[in-house]
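A.B. asks: Have a look at this fold, sequence not included:
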């Protein structure tokens, strides 16, 4: 569970600054940017995601390497399943902001 | 063994492996501990041992969150969830970990409301959409996961969601390393430091290992080449009789860590005076509990927690395996009563547990070779 999943920021939401829409090999889910608030990513940036939170910004090359590592570890499907399982696009965030 | 040409840079892998053979003094036996369960999984999966000389022994460390959780905590969490109207939410890793009366999944089969979530945020979401229920998130993990739990608690408090609480089992890696170094039956020459924990805590917290214990540490990534390069780093240090912290995983790990994540943890959690670890016993200041200012969202303060203490099944030798004193297959139950399908101990549950990794990649391979040989 300590493996992190690479994803690309495809959309940011001005009314929800701590949320980003991330693409992980074609699967798009919202993740939390709260742990990157000192250094927020912009659209197109790559991040490592862990349990629904973006943990660190990485280069595109490192993101592709990380995905390959997950594939070699036999964890790529589990990673995609995890991302598919994220359900953060709830109304709660809008209420909070 | 994996064929070297399956790797991304087969030539670099071969060169690095040769470098390791050159650096290792044949008259010495090296014991290098990889702290993180993710590394343990990678080492078995990629068959990295086959690329190392026989006098380099990799010792699997305590960095697998479900493996180090004592059974009593699982019983405690399930006891809260037995109360009417409580939903037990946890990561998938937790679901098959046995408590004395079965795993969370078995409790679900008996009617308990048990839900798998992939993020603490989703546990909070469950609370939002089930206002007449109480959602208890069974939180596990090292510093990689703890900041996400912390931010989720901040959100719960800010939004005034009162039907949500966290049963906190977050632990910290440094005291566990200290306990291993203090253990009289352990001798470790160097450490492969955890990669993703270090994205949060940075490299500074390991400096005492070099300064006070005179052991090299290389914080490592998870690719085969990362792990081999980290082994080169610590061997070079050992050869030069040096002890430093090196950051092999610079592309992801900042030396100073992630300040926002550390702030979130400090705002929400404080250190417990002590906490029990499976296999390592009680370790002082080794785990996090929820601060008084978040008491309303702390399952342990909201509910009666029996404080169950369970001795592990006598025959299972999880403790010795966790400390690296025994190899997984040397446990009496390994591959017999205890298998990934029917785990007795937690080390057999998670893919990051050394027993499950050993079973899946070494034991099955050996069993296959034996059966082929017997057919031949």
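C.D. replies: Perfect, I can see it now. Keep in mind that what you see is a predicted model, and the values were worked out from it rather than measured.
A.B. asks: In contact with residue 33, which residues are there?
C.D. replies: This is for chain A. A:17, A:18, A:19, A:20, A:40, A:41, A:53, A:54 (Cβ atoms under 8 Å, 6 or more residues apart in numbering or on different chains). Any C-beta I mention is one placed from the backbone N, CA and C, and that applies to glycine too.
A.B. asks: oops, I was thinking of chain B
C.D. replies: Contact analysis of residue B:33 by Cβ under 8 Å, 6+ apart lists B:58, B:59, B:60, B:61, B:180, B:188, B:190, B:191, B:192, B:324.
A.B. asks: and the second one, that one's in a strand?
C.D. replies: Yes: assignment of residue B:59 by DSSP: H, G, I helix; E, B strand; the rest coil places it within a strand.
A.B. asks: picking that back up, let's see if you can find the most crowded of the contacts of residue B:33.
C.D. replies: The most crowded member of those is residue B:60, carrying 30 neighbours; neighbours defined as other Cβ atoms under 10 Å in any protein chain shown.
A.B. asks: Name the residue of chain A that lies nearest to chain B.
C.D. replies: residue A:52 (2.7 Å; Cβ to the nearest Cβ).
A.B. asks: Residue A:69 versus the residue nearest to that residue when sequence neighbours are not counted, what's the distance?
C.D. replies: Once flanking residues are discounted, residue A:52 sits nearest to residue B:119: 2.7 Å by Cβ to Cβ, 6 or more residues apart in numbering or on different chains. Using Cβ to Cβ, to the nearest Å, one gets 21 Å for the distance from residue B:119 to residue A:69.
A.B. asks: Residue B:319 too?
C.D. replies: Remark: distance between residue B:319 and residue A:69 (Cβ to Cβ) = 31 Å.
A.B. asks: where along the stretch 251-376 of chain B do the helices fall?
C.D. replies: Using DSSP state H, counting those that start in this stretch, the helices of the stretch 251-376 of chain B run over B:259-268, B:299-302, B:318-322, B:354-358, B:364-375.
A.B. asks: Sorry, wrong one. I was asking about chain A.
C.D. replies: Remark: helices assigned in chain A by DSSP state H are A:60-72, A:76-85, A:92-96.
A.B. asks: burial count for residue 78?
C.D. replies: Picking chain A for this. Neighbours of residue A:78 under the rule other Cβ under 10 Å: 16.
A.B. asks: meant chain B, my bad for not saying
C.D. replies: Neighbour count for residue B:78, taken as other Cβ under 10 Å: 23.
A.B. asks: so how far is residue B:199 from it?
C.D. replies: 32 Å.
A.B. asks: With residue B:56 instead?
C.D. replies: Here residue B:56 is placed at a distance of 27 Å from residue B:199 (Cβ to Cβ).
A.B. asks: More neighbours: which of those two?
C.D. replies: residue B:199 (25 against 20).
A.B. asks: Share the number of residues neighbouring the residue of the stretch 51-200 of chain B at minimum distance from chain A, please.
C.D. replies: Of the residues in the stretch 51-200 of chain B, the one nearest chain A is residue B:119, at a distance of 2.7 Å by Cβ to the nearest Cβ. Per other Cβ under 10 Å, the neighbour tally for residue B:119 reads 28.
A.B. asks: coming back round to it: for my notes, please list the helices of the stretch 251-376 of chain B in a markdown table and give mean neighbour count, distance to chain A and mean pLDDT for each entry.
C.D. replies: As requested, the helices of the stretch 251-376 of chain B are exported to a markdown table (neighbours: other Cβ atoms under 10 Å in any protein chain shown; distance: least, Cβ to the nearest Cβ, whole Å; pLDDT from 0 to 100):
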| stretch | mean neighbour count | distance to chain A | mean pLDDT |
| --- | --- | --- | --- |
| helix B:259-268 | 20 | 5 | 98 |
| helix B:299-302 | 18 | 18 | 96 |
| helix B:318-322 | 22 | 16 | 82 |
| helix B:354-358 | 28 | 11 | 91 |
| helix B:364-375 | 10 | 13 | 62 |
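A.B. asks: What is the least confident helix or strand in chain B?
C.D. replies: Lowest mean confidence among the helices and strands of chain B (mean pLDDT, DSSP states H and E): helix B:364-375, at a mean of 62.
A.B. asks: Backbone dihedrals for the residue nearest the centre of chain B, please?
C.D. replies: Nearest residue to the geometric centre of chain B (Cα atoms, centre = their mean): residue B:64, 1.6 Å. Backbone torsions of residue B:64, given as degrees, to the nearest 10, read phi -130, psi 110.
A.B. asks: For the residue nearest to it when sequence neighbours are not counted, which residues are in contact?
C.D. replies: Nearest residue to residue B:64 in three dimensions, chain neighbours excluded: residue B:37, at 3.2 Å (Cβ to Cβ, 6+ apart). Residues in contact with residue B:37 (Cβ under 8 Å, 6+ apart) are A:1, A:2, B:60, B:61, B:63, B:64, B:65, B:67, B:350, B:352, B:353, B:354.
A.B. asks: Let's see that with 6 Å instead.
C.D. replies: Applying Cβ atoms under 6 Å, 6 or more residues apart in numbering or on different chains, we find residue B:37 in contact with B:63, B:64, B:352.
A.B. asks: interface residues of chain B facing chain A?
C.D. replies: Within chain B, the residues that sit near chain A (Cβ under 6 Å from any Cβ of the partner chain) are B:36, B:38, B:45, B:93, B:118-119, B:121-122, B:125, B:128, B:144-145, B:147-148, B:151, B:159, B:196, B:199, B:222-223, B:251-252, B:259-261.
A.B. asks: Residue B:42 contacts residue B:222, correct?
C.D. replies: Yes: with contact defined as Cβ atoms under 6 Å, residue B:42 reaches residue B:222; the gap is 5.3 Å.
A.B. asks: Neighbours of residue B:47, how many?
C.D. replies: Neighbourhood size, residue B:47 [other Cβ under 10 Å]: 17.
A.B. asks: Could you check the pLDDT of it?
C.D. replies: At residue B:47, the model reports a pLDDT of 91.
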